[in-house]
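Student: sequence first, then the predicted structure:
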Amino acid sequence: MRGLYLAGRWAASDGGGSRLISCPADGTAVRSVVEGSAADATAAVAAARTAFDSGSWAALPEKQRGEMLLRTADLLHRDKARYARAEALDTGKRFVEAEYDIDDVVACFRYYGGIAGTDAGRVVDTGNPHAISRIVYAPVGVCSLITPWNYPLLQVSWKVAPALLAGNTFVLKPSELTPSTAILLMDTLTEAGVPAGVANLVTGSGPEVGAVLASDPRVDMVSFTGGLATGKAIMVAGAATVKKVTLELGGKNPNIIFADADVEAAIDYALTAVFLHSGQVCSAGARLIVDAGLHDRVVDEIVSRAARIRLGGPFDDAAQTGPLISAAHRAKVHAYVEAGVAEGAVLRTGGIIPTDGELSKGFYYPPTVLDGCTRGMTVIREESFGPVMTVETFTSESEAIEIANDTDYGLAGAVWTSDASRAQRVAGALRHGTVWINDYHPYVPQAEWGGFGQSGNGRELGPTGLSEYREIKHIWQNTSPAPQYWFPR
Ligand code: TXE
């Protein structure tokens, strides 16, 4: 049984237990993993601290660390089927989607491996001929990396790759629901040459293991992706020792369709925006905001297509999307739908938990459309993180922008229009970290990802995603020191 990887070795838990991981699609047992204890988390932090303080990892030329990331990418590609299978069984998502995810993980490691050694800081022009002033980078130190269950290895890769490139050591805690690919990754990193103690893993729960990783004084930085409430708790826990904290906490993402949009494309993408991976996507376009004049045409068609989406398990070739991650999560999603209806929304399709046949074995929830929504409703304000589309309407561009920005979050959004000026105007006005124009969901590891408002702090991916794992240092050298006698002799 695995789950605890400390100082380059698989270890037994100190006082912890075990957890059976089962597939959300049908409840079949996947594997037993270590349910780590607080003592395990403390030991992992100690291992990462010792490795960091030895100085040897940070002292390697960045290029060499980059080569290890490139090797990691190659090994992940080699073992793609194994990784995708593990990911599909843990999450219940379709195997083919899990394969896409592993491709994205490979791309992330390749990106960070590829930029190694391309930015060593800068020389500052001080105007002083007797001074050399340089800006250089140093690793932050020991990083706690805490990740969720929706895109398990992808979320891990967005943190692990830049953390390693920058010369940090880390303790990774994947979601207790989906630890399998994080366990596999430890062996892959070791095979790629990452030295003992640099990469450490503790599987287990948030309150037990995560809380230690967020508060241990020997941790310099916490990078977290997950829910808003947990993100706030992590900030509080880190405050005692002023840790650097970066957070990605989801969103309530608007998808705006103007009357001049390519309606067929907008409808097609609106479905993917929110129903992909059954809505368990931080950037899911859950809020459809449509021109009032287009409402009936767009919503009728979306409702009819949503009702035909086929649910099924990872290896069901006919399935178009999978289950939710857990019974508890499904209950939460359903409660949001019920709250919406209670607050006046019109349930157009979905909203009923399947109780017959194969689907009754898993945590399935049907694609659901709530029409006639207004801004004060709970289902508009809070993230359901399920296959739930809400529909709001507008009658002017400024109203569309106002509705889309009326959220505590600010992760992502889209605008559909054939008017290039309007597209740029609206994209510029949206207070969201990613804006798609006539598209939804694409991202590349070269471009930053993260949110405004309560969607989080900091950015992942791109050069900024690397900067988050760096301290910035100014080195000043006086090349010909001579007394100044500010204070007389
Ligand atoms: O997340 P948690 P949950 C949102 C989504 C979802 C909600 C709750 O709306 O419904 O969050 O999901 C660890 N100290 N997102 O409860 O608990 C936990 O073990 C340290 C958005 O599953 O935040 C796991 O590893 N760590 C999202 C990780 O935090 C703690 C993706 C995330 O779990 C901890 C997932 C603690 N006290 C959910 N408590 C996104 N941004 O993409 C828990 N954890």
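Tutor: Yep, it's here. Numbers count the residues shown, from 1 in each chain.

Student: tell me where the stretch 1-150 of the chain has helices.
Tutor: Taking DSSP state H, counting those that start in this stretch, the helices of the stretch 1-150 of the chain run over residues 38-53, 56-59, 62-78, 80-91, 95-114.

Student: ok, residues contacting stretch 17-37?
Tutor: With contacts defined as C-beta atoms under 8 Å, 6 or more residues apart in numbering, stretch 17-37 is touched by 1-4, 12-16, 40, 86, 89-92, 173, 176-180, 183, 202-205, 208-209, 312-314, 322-326, 358, 361-363. (Each C-beta comes from the backbone N, C-alpha and C, glycine too.)

Student: among the residues you listed, which ones are buried?
Tutor: 2-4, 13, 16, 40, 86, 89-92, 173, 176-180, 183, 202-205, 208-209, 312-314, 322-325, 361-363 (16 or more other C-beta atoms under 10 Å).

Student: output the set of residues of this protein in proximity to the ligand.
Tutor: Residues of the chain lying close to the ligand (C-beta under 6 Å from any ligand atom) are 146-148, 150, 173, 175-176, 205-207, 210-211, 214, 225-227, 230, 233-234, 248-250, 282, 332, 383, 385.

Student: burial measure for residue 392, as a count.
Tutor: 24 (other C-beta atoms under 10 Å).

Student: does it really touch residue 376, like I thought?
Tutor: No. Assessed by C-beta atoms under 8 Å, residue 392 is found out of contact with residue 376, at 11.2 Å.

Student: show the buried residues in the residues of the chain next to the ligand.
Tutor: 146-148, 150, 173, 175-176, 205-206, 210-211, 214, 225-226, 230, 233-234, 248-250, 282, 332, 383, 385.

Student: please flag which of these sit within helices.
Tutor: 211, 214, 230, 233-234, 332 (DSSP state H).

Student: dump those to a markdown table, plus pLDDT.
Tutor: A markdown table is the format used below for these (pLDDT from 0 to 100):
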| residue | pLDDT |
| --- | --- |
| 211 | 98 |
| 214 | 98 |
| 230 | 98 |
| 233 | 98 |
| 234 | 98 |
| 332 | 98 |
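
Student: quick check, nearest of the residues you listed to residue 353?
Tutor: residue 332 (12.4 Å; C-beta to C-beta).

Student: the closest one: what's it in contact with?
Tutor: Contacts of residue 332 by C-beta under 8 Å, 6+ apart are 384-386.

Student: between those, which sits nearest residue 65?
Tutor: Nearest member of those to residue 65, counting by C-beta to C-beta, is residue 385, at 34.7 Å.

Student: ok, the residue lying closest to that closest one once chain neighbours are set aside - how many residues close by?
Tutor: In space, and not counting its chain neighbours, residue 385 is closest to residue 280: 5.7 Å by C-beta to C-beta, 6 or more residues apart in numbering. Neighbourhood size, residue 280 [other C-beta under 10 Å]: 25.

Student: angles on the backbone of residue 280, please.
Tutor: Phi and psi for residue 280, reported as degrees, to the nearest 10, are phi -90, psi 60.

Student: from now on call the first residue 824
Tutor: Will do, 824 is the new start, and the previous item becomes residue 1103.

Student: contacting residues for it?
Tutor: 973, 1147-1148, 1152, 1208-1209.

Student: run the last query once more with 7 Å
Tutor: Contact partners of residue 1103, counting by C-beta atoms under 7 Å, 6 or more residues apart in numbering, are 973, 1147-1148, 1208-1209.

Student: how many residues are close by residue 1092?
Tutor: Neighbour tally, residue 1092, other C-beta under 10 Å: 22.

Student: ok, it touching residue 1263?
Tutor: Yes. Counting by C-beta atoms under 7 Å, residue 1092 touches residue 1263, with 4.6 Å between them.

Student: re earlier: quick check: strands, which of the contacts of stretch 840-860 are part of them?
Tutor: Counting by DSSP state E, these place 827, 996, 1025 in strands.

Student: format those as JSON lines; extra columns: pLDDT and distance to residue 1096.
Tutor: Shown next, in JSON lines, are the ones in strands among the contacts of stretch 840-860 (pLDDT from 0 to 100; distance: C-beta to C-beta, whole Å):
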{"residue": "827", "pLDDT": "98", "distance to residue 1096": "39"}
{"residue": "996", "pLDDT": "98", "distance to residue 1096": "30"}
{"residue": "1025", "pLDDT": "98", "distance to residue 1096": "35"}
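
Student: which one of the residues you listed is nearest the ligand?
Tutor: residue 996 (5.7 Å; C-beta to the nearest ligand atom).

Student: partners of that closest one in the sheet?
Tutor: residue 969 (DSSP bridges).

Student: that one reaches residue 1032, doesn't it?
Tutor: Yes. The pair residue 996 and residue 1032 passes the contact test of C-beta under 7 Å, sitting 5.3 Å apart.

Student: what do these two both touch?
Tutor: Common contact partners of residue 996 and residue 1032 (C-beta under 7 Å, 6+ apart): residue 1025.

Student: using CSV, please lay out the helices of the stretch 824-973 of the chain together with mean pLDDT.
Tutor: CSV is the format used below for the helices of the stretch 824-973 of the chain (pLDDT from 0 to 100):
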stretch, mean pLDDT
helix 861-876, 98
helix 879-882, 98
helix 885-901, 98
helix 903-914, 98
helix 918-937, 98
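
Student: spatially speaking, which residue is in the middle of this protein?
Tutor: Taking C-alpha atoms, centre = their mean, the centroid of the chain lies closest to residue 978, which sits 4.6 Å from it.

Student: wait, that one sits on residue 1048?
Tutor: Yes. Between residue 978 and residue 1048 there is a contact at 5.0 Å, judged by C-beta under 7 Å.

Student: who touches both of these two?
Tutor: 970-971.

Student: in stretch 903-921, what counts as buried?
Tutor: Using 16+ other C-beta under 10 Å as the test for burial, stretch 903-921 gives 903, 906-918, 920-921.

Student: out of the residues you listed, which two sit at the greatest distance?
Tutor: Checking those against each other with C-beta to C-beta, the farthest-apart pair comes out as 903 and 915, at 19.0 Å.

Student: state the number of residues packed around residue 1008.
Tutor: Residue 1008 has 26 nearby residues by other C-beta under 10 Å.

Student: quick check: residue 893 touching residue 933?
Tutor: Yes. Residue 893 lies in contact with residue 933 (C-beta under 7 Å); the separation is 6.5 Å.

Student: with neighbour numbers in mind, choose between the two.
Tutor: Each of residue 893 and residue 933 has its neighbours counted (other C-beta under 10 Å); residue 933 has more, 19 against 16.

Student: list the residues that contact the more buried one.
Tutor: 893, 896 are the contacts of residue 933 under C-beta under 7 Å, 6+ apart.

Student: measure how buried residue 1121 is and give me the count.
Tutor: Residue 1121: 22 neighbours (other C-beta under 10 Å).
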